[in-house]
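>>> fold the stuff below for me.
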Amino acid sequence: MKVECIYGIDYDSNMFIIDGEKPSIIDCGTGLHQDYVEEKIKEIIKPSNIKNIILTHEHYDHCGGLKKIFELTDKKAKIYAHINAVKKIEEGDSDFAKMLGGTMPKMPVDIKLKEGDILKLGNEEFKVLHTPGHTPGSICLYSKKNKSLFSGDTIFAYGSFGRYDFPEGDAKQLRQSIERIAKIEIDNLYPGHESVIEGDAQNHILKTFENSKYLII
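The predicted model follows:
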């Protein structure tokens, strides 16, 4: 499995492209650096070939660029998000967007995901893990075959994790989600921000689990 990362600028999330039978993109950034994002996407793949756009959760820094990236696919891509994230995405509800001077586009979600759903991204199957805590609609995507995890803002590299002090964040749920992930065999970590880890992800995740024990609940 080959994963290409477009690292986020400023508040943008990382964006991931998985090529193959079902070319897919995971997360879309804020949309505030769209020229850069589009240039990078075109270096990796013909945008109209992208079949799936998956959102790991409902925050603006992951969804703000959705409309523009959807249009870049000639409006062909299917949009996926967890059922608990759908309302905010479809209503364009984001105080964070207003704070940054941007807007959260109102976008319909084609496929409403739930725990245990299986998605084909590129040539591989990924299982949807509902991992609330950062937001109610947070998900991770796990490939057992490749021992790879797209973790959104649930877990980052070097022992860190997503914030829980935003509206609808929940420290107890986040700790439970991190504990769940720490029990899974993972070699490759593709987080929503900061560094990608390939080959040594388990150590990073176990460090995150240890750090999560100090969450104030």
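
>>> the strands in this protein, which residues?
Assigned strands in the chain, in chain order: 3-6, 15-18, 24-26, 52-54, 78-82, 111-113, 118-121, 124-130, 139-143, 148-152, 188-191, 197-198 (criterion: DSSP state E).

>>> so what does the closest residue to His130 other than its chain neighbours look like in phi/psi?
Distance criterion Cβ to Cβ, 6 or more residues apart in numbering; nearest residue to His130, sequence neighbours excluded, is Glu115 at 4.2 Å. For the C-beta atoms, the positions are set from N, CA and C on the backbone; glycine is no exception. When quoted as degrees, to the nearest 10, the phi and psi of Glu115 stand at phi -50, psi 130.

>>> so what's Glu115 up against?
Neighbour list for Glu115: 128-130 [criterion: Cβ atoms under 8 Å, 6 or more residues apart in numbering].

>>> next one: Pro132
84, 138, 170, 173-174, 177.

>>> now for the residues you listed: which two are most distant?
Taking Cβ to Cβ as the measure, the contacts of Pro132 span a maximum distance of 14.4 Å, between Asn84 and Leu174.

>>> more neighbours: which of these two?
It is Leu174, of Asn84 and Leu174, that has more neighbours when counted by other Cβ atoms under 10 Å, with 26 against 20.

>>> per-residue confidence at that one?
Per-residue pLDDT puts Leu174 at 97.

>>> can you tell me the closest non-neighbouring residue to it?
Gly133 (2.6 Å).

>>> if I look at that neighbour, how far off is Gly65?
24 Å (Cβ to Cβ, to the nearest Å).

>>> what does the helix or strand of the chain with the lowest mean pLDDT contact?
Lowest by mean pLDDT, DSSP states H and E among the helices and strands of the chain is helix 95-100, with a mean of 83. With Cβ under 8 Å, 6+ apart as the test, helix 95-100 has contacts from 11, 30, 32, 59-61, 64, 103-104, 166-167.

>>> next one: it to chain centre, how far?
19 Å (Cα atoms, centre = their mean, to the nearest Å).

>>> buried set for that helix?
By 16 or more other Cβ atoms under 10 Å, the buried positions in helix 95-100 come out as 96-97.

>>> got it, and stretch 73-83?
Buried-residue list, stretch 73-83, by 16+ other Cβ under 10 Å: 73, 77-82.

>>> now do the helices in this protein.
For the chain, the helices defined by DSSP state H occupy 34-44, 60-63, 66-72, 86-91, 95-100, 171-182, 201-212.

>>> ok, of these, where does mean pLDDT dip lowest?
helix 95-100 - the lowest mean pLDDT of those, at a mean of 83.
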